[in-house]
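# model the structure of this input:
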Amino acid sequence: MGFPEDTNETLQETRDLIEAVKSDRAWVAVLVPFPGTPIFEQCVRNDLFIEKIDSRDYWKMPFRLHQYEPIIKPYRMTLEDLAMWRKKFLDVRYKYYGHCHGEFKIPKGCVRAAGGTVKIAA
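Next up is the predicted model:
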């Protein structure tokens, strides 16, 4: 999620696909554009980075495999929209855990909630 062209509608389509497939795990990653890629050049050209970057030192920025915070702002979405979608995608990541493979155990720190969904324990 978080591509320049993303909209509330495209992210809803992604969520709908997750709901239709009902995979045991679903992870929607945040886009991290890397130097030398067309998406990076697009983000520089259109000034989409949330924080000002120095492309020579960009590699020093602290990115993670499971990046939580967005790096860029899509053309037609607010940062608040992205935060809302991030939460929606986090809420569905274990929703159908065990649906396909009954022998799977609920991950530590999670509980089975109403309707059989799996949520992170509070």
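
# can you give me the helices in this structure?
8-21, 38-45, 79-92 (DSSP state H).

# by contact count, what packs against the first one?
So the one you mean is helix 8-21. Judged by 3 or more CB pairs under 8 Å, 6 or more residues apart in numbering; DSSP states H and E, the packing partners of helix 8-21 are helix 79-92. For glycine as for every other residue, the C-beta is placed from the backbone atoms N, C-alpha and C.

# tell me which residues in the helix it packs on are buried?
With burial defined by 16 or more other CB atoms under 10 Å, the residues of helix 79-92 counted as buried are 81-82, 85-86, 88-89, 92.

# pipe those into JSON lines and attach distance to Glu13 and pLDDT per row.
Shown next, in JSON lines, are those (distance: CB to CB, whole Å; pLDDT from 0 to 100):
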{"residue": "Asp81", "distance to Glu13": "15", "pLDDT": "96"}
{"residue": "Leu82", "distance to Glu13": "16", "pLDDT": "94"}
{"residue": "Trp85", "distance to Glu13": "12", "pLDDT": "94"}
{"residue": "Arg86", "distance to Glu13": "16", "pLDDT": "91"}
{"residue": "Lys88", "distance to Glu13": "13", "pLDDT": "90"}
{"residue": "Phe89", "distance to Glu13": "13", "pLDDT": "89"}
{"residue": "Val92", "distance to Glu13": "14", "pLDDT": "84"}
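
# kind regards, and thank you for your time.
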